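>>> Give me the fold of what follows.
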Amino acid sequence: MINSRHRRKYGSKDEWNMRFGIYQSNVQFIDFFNSLNLSYNLTDNAFADMTNLEFNSKYLGYKKRKHSKQLAAPNITCDSSKLPISVDWRKSGVVTRVKDQENCGSCWAFSAVAAVEGINKIKTGKLVSLSEQQLVDCDVFSDNQGCNGGFMEKAFAFINKNGGITTEKNYHYVGKDQKCNTTKAKQHAVTISGYEMVAKNEESLQAAFTKQPISVAIDASGYDFQLCAGGVYSVFFGNSLNHGVPLIGYGVDDGEKYWLVKNSWGTMWGEDGYIKIKRWSNDKKRNV
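Residues are numbered from 1 along each chain as shown. Below is the predicted model:
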């Protein structure tokens, strides 16, 4: 049963019955979807006892700007023929383990921290797991709102202004909003000098990515993303960006060009916590 397989605990028999009903409905959708033989498949993962609306309200925390002015993003020009055919920053020891944001809309913090962890490893040779919880608790005087969502660029600005960020070991993750622990927050392990936006075209994104892992926003609101198991996710996302993730690779799988994304939903989702997302050749059909 899903409550034992995924270590779910329900408060009552009625709740168990409700969750099992949702699970059965999701399994029917999974079976139908997989029968289509598309480029990716679904499974009854740890989120299969949740409706899509419930899942989105708990796990998608990237806030799309509606009225504020966007920072200018320069085009990064390059000869695409000189770029590597594939890159996987995990092979360079630049990526920390897959983490779990739990029942908290803190994806923005995980995305930002992963990018900082990556550039720190590249510059210093040391891979240090940094504190998402510090951002959740302490970066509350901008537009970021902890478990209620935020922006990666605001997180970078906070780390820069704050003088750095501490380690996960020092300020460990609890998956809920807390009062900022200023004593721990002052124990900086890594600093950054600033950040840059990347233009919204795949050439600029690919060129920037060859230098380090970068933070992006995606649309993760679909049932098929919630229950994704593997393959190359090929749905056109459109403009509904709602989930912050780090890009940690790109390549080609069975003729399909993809971006490799490290998610923050634990290792029981996707391919051990990662997902391949199709790279569109037409910039009007961008997935990230």
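
>>> Helices of the stretch 151-288 of the chain, residue ranges please.
152-162, 182-185, 202-209, 223-226 (DSSP state H, counting those that start in this stretch).

>>> where does residue 124 fall, phi/psi-wise?
Per-residue torsions, residue 124: phi -110, psi -20 (degrees, to the nearest 10).

>>> quick one on the thing from earlier: mind putting the helices of the stretch 151-288 of the chain into a markdown table with mean neighbour count?
Yep, even glycine has a C-beta here, placed from its N, CA and C like the rest. Shown next, in a markdown table, are those (neighbours: other CB atoms under 10 Å):
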| stretch | mean neighbour count |
| --- | --- |
| helix 152-162 | 20 |
| helix 182-185 | 14 |
| helix 202-209 | 20 |
| helix 223-226 | 21 |
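
>>> For residue 105, give its distance to residue 201.
28 Å (CB to CB, to the nearest Å).

>>> who has more neighbours, these two?
Between residue 105 and residue 201, residue 105 has the larger neighbour count (other CB atoms under 10 Å), namely 25 against 14.

>>> Verify the stated contact: that one with residue 55.
No. Counting by CB atoms under 8 Å, residue 105 does not reach residue 55; the two are 11.3 Å apart.

>>> got a pLDDT number for residue 105?
Residue 105 carries a pLDDT value of 95.

>>> Would you confirm that it belongs to a strand?
No. Secondary structure assignment (DSSP: H, G, I helix; E, B strand; the rest coil) places residue 105 in coil, not in a strand.

>>> Next up, the contacts around it.
Going by CB atoms under 8 Å, 6 or more residues apart in numbering, residue 105 touches 58-61, 147-149.

>>> one more time with 10 Å, if that's ok
Shown in contact with residue 105 (CB atoms under 10 Å, 6 or more residues apart in numbering): 56-63, 136, 145-150, 242-244.
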